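Asks: Predicted structure and sequence below. I'll ask about it afterward.
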Amino acid sequence: MRRVSLVVLLALGFLPGSASGQYPTVDRAIVAATPAITAIRHRIHQNPELSNRETETAALVAAHLRELGLEVRTGVAHTGVVGILRGGRPGPVIAVRADMDALPVTEDTPLPFKSTKRVQWQGAEVGVMHACGHDIHTSTQLGLATVLAGMKADLPGTVVFIFQPAEEGAPPGEEGGASLMLKEGAFANPRPEAVFGFHVSAGLEVGKIRYAIGPALSAADIFRATITGRQAHGAAPHLSVDPIVTASQAVLALQTIRSRNTPPLEPSVLTVGVLRGGQRFNIIPATVELEGTVRTFSLAVQDTYERRIREILDGITSSAGASFTLEYLRTYPATINDTTLTHRSVPSLAKAIGASNVVLWEPWMASEDFSYFANTVPGFFFSLGMVKPGTTSGDHHTPTFLADDSAIPVGMKAMAYLVLDYLGGL
Ligand SMILES: [Zn+2]
Ligand SMILES: [Zn+2]
């Protein structure tokens, strides 16, 4: 009797429960597509474009999708692209989403294809960099489209590929991103019954995935307040209404919202990031400005913050004889992973990259406008490892953010297995 080694069986994916082998044609297609998709990533990385200005990236995406034979809509929410792949067999409609925009950050990485681009942004010249990894998202999703288009005849159902602009936020005075894509019909025809997406994570090695059940990414709100008192000589405080002392009390009192007004097991953050006032050491100024952010996962807690910030500012300023104005702005809602969809999706990820590499994790106190899609139909969003083992990456939105090419085939495989399992297999 001939003995076949365990190593050979594992390599061929013949063992039940092994990490590969469920879709051998997909695995082969990913290997074949990876060099071209990696080259596309380099091109996108080297030519980053700011939010709502992703014209070249969108043109590249649209051309690639057309070449694959997809139905393509362009100009959705300014520069967004929607590609529709209708499989040869009947099945459900689902959507996958990638974002295309870069940031006003000057790149400082050793990548041979690093960006040296500079543009005018809000009245100043700035560097532009894919410092959040959206180049990986866009190229990986083009890879997914390539692989699935190659098996179109056997595909049971329809995949809507969303390439969205302005995830980082549209420039002041402009609309953009996921909410505008939805307004302009990205989910209208055909309407998907579920949506999937991922974000690379600077804290995670290539080959690993983290996910959360339920709350995954927080809502992000901005507040801006001006406290107005009465100006006076620094040596005559009794003639003033001191906005610096008043604002200082407010900053401390605002922290009691977290500790006294919201349930202890409910995660939330309030940060005052700007406290601005005064010109000279011996002048009590007339006004002080406060700016901050609130991060929450539930609408009830978000409402509590907005109400309590106003009440606290009202109480403290009136006791000081000062006055205030407050602007409270809700930006992206929380991203909540649909529980049923998450439980259904995780085994597909485990099959794609190995169960031990797919880790249940806590929610992230960052926000994502994927939430608009996931508030429209059930959604599942996960974190994909991007750090080459043995190297380090700067944090998101910093010049040393360093996403490795090897994350691309891992992302392609994870998404391909998710999509195919959801649609019903090949
Ligand atoms: Zn970002
Ligand atoms: Zn991002």
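Replies: It's in. Ligands and ions are numbered 1, 2, ... in the order given.
Asks: What ranges does the stretch 51-200 of the chain have for its helices?
Replies: 55-67, 134-149, 178-183 (DSSP state H, counting those that start in this stretch).
Asks: Tell me which other helices or strands the shortest one touches.
Replies: In this case it means helix 178-183. strand 80-86, strand 156-164, helix 370-374 (3 or more CB pairs under 8 Å, 6 or more residues apart in numbering; DSSP states H and E). Just so you know, the C-beta spots here come from the backbone N, C-alpha and C atoms, and that holds for glycine as well.
Asks: quick one: the residue positioned nearest the centre of the chain from residue 35, how far?
Replies: Closest to where the C-alpha atoms of the chain average out (CA atoms, centre = their mean) is residue 368, at 4.0 Å. In this view, residue 368 and residue 35 are 30 Å apart by CB to CB, to the nearest Å.
Asks: ditto for residue 127
Replies: Taken as CB to CB, the span from residue 127 to residue 35 is 28 Å.
Asks: Can you pull out the low-pLDDT segments for the protein?
Replies: 1-21 (pLDDT under 70).
Asks: List the contacts of residue 398.
Replies: Residue 398 is in contact with 105, 131, counting by CB atoms under 8 Å, 6 or more residues apart in numbering.
Asks: I misspoke; the intended subject was residue 231.
Replies: Residues near residue 231 by CB under 8 Å, 6+ apart: 240, 283, 284, 285, 286.
Asks: now do residue 418
Replies: Taking CB under 8 Å, 6+ apart, one finds 196, 345, 348, 349, 352, 380 in contact with residue 418.
Asks: Nearest residue to residue 424 in space, ignoring adjacent ones along the chain?
Replies: residue 156 (4.7 Å; CB to CB, 6 or more residues apart in numbering).
Asks: likewise residue 413?
Replies: residue 352 (4.7 Å).
Asks: swap in residue 55?
Replies: residue 79 (5.7 Å).
Asks: Out of the helices of the stretch 51-200 of the chain, which gets nearest to residue 300?
Replies: helix 178-183 (21.9 Å; CB to CB).
Asks: CA atoms only: put that closest one into PDB for me.
Replies: What follows is helix 178-183, C-alpha atoms only, in PDB (Å, rounded to 0.1, in the frame of the first residue of the first chain):
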ATOM      1  CA  ALA A 178     -21.500  56.000   0.700                       C
ATOM      2  CA  SER A 179     -24.600  58.000   1.600                       C
ATOM      3  CA  LEU A 180     -24.500  59.900  -1.800                       C
ATOM      4  CA  MET A 181     -23.900  56.600  -3.700                       C
ATOM      5  CA  LEU A 182     -27.100  55.200  -2.100                       C
ATOM      6  CA  LYS A 183     -29.000  58.400  -2.900                       C
END
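Asks: what's whatever helix or strand residue 41 lives in packed up against?
Replies: For residue 41, the element it lies in under DSSP states H and E is helix 24-46. Counting contacts by 3+ CB pairs under 8 Å, 6+ apart, helix 24-46 is packed against helix 55-67, helix 134-149, helix 407-423.
Asks: So residue 127 and residue 35 - more neighbours on which side?
Replies: residue 127 (20 against 10; other CB atoms under 10 Å).
Asks: list the contacts for the more buried one?
Replies: Contacts of residue 127 (CB under 8 Å, 6+ apart): 104, 105, 106, 107, 115, 116, 117, 118, 399.
Asks: Now do it against residue 149, distance only.
Replies: Distance from residue 127 to residue 149, by CB to CB: 35 Å.
Asks: before we move on, what about residue 398?
Replies: Applying CB to CB to residue 398 and residue 149 gives a distance of 36 Å.
Asks: circling back: I'd like the helices and strands packed on helix 178-183 as TSV, with distance to residue 267 appended.
Replies: Shown next, in TSV, are the helices and strands packed on helix 178-183 (distance: least, CB to CB, whole Å):
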stretch	distance to residue 267
strand 80-86	32
strand 156-164	27
helix 370-374	16
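Asks: Make a markdown table from the ones you listed and add mean neighbour count and distance to residue 201 to it.
Replies: Output for the helices and strands packed on helix 178-183, formatted as a markdown table (neighbours: other CB atoms under 10 Å; distance: least, CB to CB, whole Å):
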| stretch | mean neighbour count | distance to residue 201 |
| --- | --- | --- |
| strand 80-86 | 24 | 24 |
| strand 156-164 | 25 | 19 |
| helix 370-374 | 26 | 14 |
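Asks: Of all these, which one is nearest residue 26?
Replies: Closest among those, using CB to CB: strand 156-164, at 13.4 Å.
Asks: Give me the distance between that closest one and the centre of its chain.
Replies: On the basis of CA atoms, centre = their mean, to the nearest Å, strand 156-164 sits 18 Å off its chain's mean C-alpha point.
Asks: correct me, but residue 90 touches residue 157?
Replies: Yes: the pair residue 90 / residue 157 is scored as a contact, 7.2 Å apart, by CB atoms under 8 Å.
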